[in-house]
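Asker: Sequence first, then the predicted structure:
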Amino acid sequence: MDAIRGRIGSALLAAWRGLLMSFAALVGSCALFSLALVSIAMIPLGIGLLTTPYLLEAVRRHANQRRLLAATWSDVRIPVPYRPFPKDLRGGFLGQVERTTLMLKDPATWRDMRWMLVDMTAGYTVAVFGAALLLYPVEGLVLAAGLWRVFTDDRYWYAFVPVDSQATGLMAAALGVAIFAVGVLLSERLLRAHFVLARASLAPTEKQELALRIDRLTETRHEAVDTAASELRRIERDLHDGAQARLVAMGMNLGTIEALIEKDPAQAKKLLSMARESSAEALTELRDLVRGIHPPVLAERGLGDAVKALALRLPIACDVDVELAGRAEAPVESAAYFAISEALTNAAKHSGAERIWVDLRHGEGALRFSVTDDGRGGATVGGGSGLSGIERRLGTFDGVMAVSSPAGGPTMVTMEIPCELS
Amino acid sequence: MRVVLAEDLFLLRDGLVRMLEAYDFEIAAAVETGPELSKALAELEPDVAVVDVRLPPSHTDEGLQCALAARRARPGLPVLVLSQHVEQLYARELLADGNGGIGYLLKDRVFDADQFIDAVRRVAAGGTAMDPQVISQLLTRRSQDKPMVGLTPREREVMELMAQGRSNAAIASQMVITERAVAKHTSNIFGKLGLPPSDDDNRRVLAVLAYLDRG
């Protein structure tokens, strides 16, 4: 009984959502399509140059809204194919012209337009059909309940049943129940069909997808090369200014000691202890440098223990939960380690948290990890914050990061890198 | 006293052998790989083992694993672990069985021969020798935590030295106070950590463990 009730409940929910979608398709897509069309047509007149970017932006939001609902309601995933604007886009009128041209050149824009046409016709029909299957039976029941009396004079057709008496009214009710049953079976599928239809017309073509992938790869490759180069520069500088200089000083001291050892043993002894100190400092510097390049525990024990060791060094209490059946490739481990390290440092420095939780596991072909704190929240990505650094680092491995940090907290940084364990 | 030494770098191994021999230790074996170390520990029954964390063939934490395995086979086997870096994680693993006779030091500590030899002797006698770096990491972190045992600054100082494995006499001379004062501080610390009176040496290990375990 509960199962049937649940079934009817979810069918009604799907029908309601279908109704919303049909509304969005009819009103939203219709209006945006015509406005966008008019605006594009007005481009030769100049007016279109001002309005088109805003309208196309609205179209994209409209499409993205549908993408979001498709994913949350029916688990239909529709990729976003829009080309990003170049970072050096000009402002003012010229920028506006440039934006218009770029948007018009983007094949995704034309796919959006085509989708809206499909959406306001086929998309609308499919969505509204699901809702109608559950709404129409109500009329049948109402007819049977007495409404048929109104229509005794002239025949009222409920579907193919001519209603003019209680008997035919009951037939209408029976038909209504049958339609309702069909509706319960179909409404969720129809909602899904609506989104699948949207995917068919909205999703990027293979060519587009490849182009987007190439863009992304080019970008991440540049970033990876840049990061590697600046890292090498940093290492070189640290070695040159630190350990190398100290070893030179040590050599000099030892030379002096050689000369002094018989003449002035006391002074020689003093220099010896200085030389020893220099060597200890050189070692400390080298050790820190190594930790910055490839942390020893990571090399020795792998990601899980390395993160645990990291947590132990943190000034804030930190719980680490690891579920890894093996080790990932060294570069992936390293990227994950430094991403977690950066997130932990951020949390310790800025969040004002009392406790931090790290969760690290592997599943569905990806390494997933998250850093959560009970601090004040309000963390943002971008603007040169540590979080954008993490994003870049992960991007090289096709990894992604999501930050949830409402003002007042808590902050949760979730990261994912596709990889296999061995 | 018979020592088994494991270190893969020839220069360091040679230096350590010389140093230990200069201080009248007998080198039972000086090996360079993990399997050799395991064999030597099992067959030679040394009084103390001095082991590098990273050893061939895996070049990971093979030395540490061999030492831990040998201590499982022979509880309380004195082991002094040397490492290029020190980690609380490893310190915990070494101390976890609560048997004492454990040391964990940065390799740099061999620069000060007297201190290093003192550490080896302490470990061989069933005490502990923890690197000041591990201890200070631990204590800075504790001091930022909620006051879990409410040690006074003076007691904290004593705790730090005790956690490194120093005797009351050594702590007294380092802090320039009387041994009696140190004894008073240590008994206060034991009280605050909730350690009942028992064999004094073991309580010191337990005090360090108590600190580590609350991390």
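Answerer: Everything's here; your move.

Asker: can you count the residues close to the residue lying closest to A:Arg301 once chain neighbours are set aside?
Answerer: In space, and not counting its chain neighbours, A:Arg301 is closest to B:Asp61: 6.3 Å by C-beta to C-beta, 6 or more residues apart in numbering or on different chains. Bear in mind the C-beta positions are built from the backbone N, C-alpha and C, glycine included. Residues lying near B:Asp61 (other C-beta atoms under 10 Å in any protein chain shown) number 25.

Asker: quick one, phi/psi of A:Gly375?
Answerer: For A:Gly375, the backbone dihedrals (degrees, to the nearest 10) come out as phi -90, psi -160.

Asker: Not including adjacent chain positions, what is the nearest residue to it?
Answerer: With sequence-adjacent residues excluded and distances taken as C-beta to C-beta, 6+ apart, A:Gly375 is closest to A:Ser351, at 2.7 Å.

Asker: The helix or strand where A:Ser273 lies: how far from the chain's middle?
Answerer: Using DSSP states H and E, A:Ser273 sits in helix A:265-293. Its chain's C-alpha centre and that of helix A:265-293 lie 48 Å apart, by C-alpha atoms, centre = their mean, to the nearest Å.

Asker: buried sites along that helix?
Answerer: Using 16 or more other C-beta atoms under 10 Å in any protein chain shown as the test for burial, helix A:265-293 gives A:268, A:271-272, A:275, A:278-287.

Asker: just to revisit the earlier point, quick check: the residue nearest to A:Gly375 vs chain B, distance?
Answerer: Distance, A:Ser351 to chain B, using C-beta to the nearest C-beta, to the nearest Å: 15 Å.

Asker: Neighbours of that residue, how many?
Answerer: A count of nearby residues for A:Ser351, using other C-beta under 10 Å, gives 21.

Asker: need the contact list for it.
Answerer: Counting by C-beta atoms under 8 Å, 6 or more residues apart in numbering or on different chains, A:Ser351 makes contact with A:373, A:375-377, A:379, A:409, A:411.

Asker: Tell me which stretches of chain A form strands.
Answerer: For chain A, the strands defined by DSSP state E occupy A:156-158, A:161-163, A:317-323, A:355-363, A:366-373, A:400-404, A:411-418.

Asker: Of those, which stretch is the most buried?
Answerer: Highest mean neighbour count of the strands of chain A: strand A:366-373, a mean of 22 (counted as mean count of other C-beta atoms under 10 Å in any protein chain shown).

Asker: what helices or strands is it leaning on?
Answerer: If contacts are counted by 3 or more C-beta pairs under 8 Å, 6 or more residues apart in numbering or on different chains; DSSP states H and E, strand A:366-373 sits against helix A:330-346, strand A:355-363, strand A:411-418.

Asker: Of all those, which one is nearest B:Glu26?
Answerer: helix A:330-346 (41.7 Å; C-beta to C-beta).

Asker: mind listing what A:Leu286 touches?
Answerer: Contacts of A:Leu286 were listed using C-beta under 8 Å, 6+ apart, and they are A:242-243.

Asker: What is the neighbour count of A:Gly378?
Answerer: A:Gly378 has 13 neighbouring residues, counting by other C-beta under 10 Å.

Asker: swap that for B:Pro56, sorry
Answerer: Residues near B:Pro56, counting by other C-beta under 10 Å, number 14.

Asker: wouldn't it be in contact with B:Glu36 here?
Answerer: No. B:Pro56 is beyond contact range of B:Glu36, at 9.3 Å (criterion: C-beta atoms under 8 Å).

Asker: related to what we said a few turns ago, now distance to A:Asn64 and pLDDT too, for the buried residues of helix A:265-293, in TSV please.
Answerer: TSV is the format used below for the buried residues of helix A:265-293 (distance: C-beta to C-beta, whole Å; pLDDT from 0 to 100):
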residue	distance to A:Asn64	pLDDT
A:Ala268	76	90
A:Leu271	71	89
A:Leu272	71	89
A:Ala275	66	88
A:Ser278	61	87
A:Ser279	61	88
A:Ala280	59	86
A:Glu281	56	87
A:Ala282	56	89
A:Leu283	55	88
A:Thr284	52	87
A:Glu285	50	88
A:Leu286	51	90
A:Arg287	49	88
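
Asker: Pick out whichever of these sits closest to A:Ala24.
Answerer: Distance to A:Ala24, by C-beta to C-beta, is smallest for A:Arg287 among the buried residues of helix A:265-293, at 60.5 Å.

Asker: Let's verify the spatially most central residue of chain B: helix, strand, or coil?
Answerer: Note on chain B: the residue nearest the mean C-alpha position is B:Gly103, at 1.9 Å, using C-alpha atoms, centre = their mean. Per DSSP: H, G, I helix; E, B strand; the rest coil, the secondary structure class of B:Gly103 is strand.

Asker: burial measure for residue 22, as a count.
Answerer: Picked chain A for this. Counted with other C-beta under 10 Å, the neighbours of A:Ser22 add up to 23.

Asker: The chain in question should be chain B.
Answerer: Per other C-beta under 10 Å, the neighbour tally for B:Ala22 reads 10.

Asker: ditto for A:His350
Answerer: With other C-beta under 10 Å as criterion, A:His350 counts 16.

Asker: quick one: it and A:Asp373 touch, right?
Answerer: No. In this structure A:His350 lies outside contact range of A:Asp373 using C-beta under 8 Å: 9.6 Å.

Asker: Go through the longest helix along chain A and flag the buried ones.
Answerer: In chain A, assigned by DSSP state H, the helix with the most residues is helix A:166-202. The neighbour-count check on helix A:166-202 (16+ other C-beta under 10 Å) flags A:168-173, A:175-176, A:179-180, A:183-184, A:186-188, A:190-195, A:197-199, A:201-202 as buried.

Asker: what do you get for stretch A:134-142?
Answerer: Result for stretch A:134-142 [16+ other C-beta under 10 Å]: buried residues A:134, A:136-137, A:139-142.

Asker: Local confidence estimate at the residue with the largest distance to the centre of chain A?
Answerer: Distance from the C-alpha centroid of chain A, by C-alpha atoms, centre = their mean, peaks at A:Lys263 (72.6 Å). Looking at A:Lys263, its pLDDT is 90.

Asker: Same check on B:Glu36?
Answerer: With respect to pLDDT, B:Glu36 has a value of 94.

Asker: Chain A versus that one, what's the distance?
Answerer: Applying C-beta to the nearest C-beta, the value for B:Glu36 to chain A is 19 Å.
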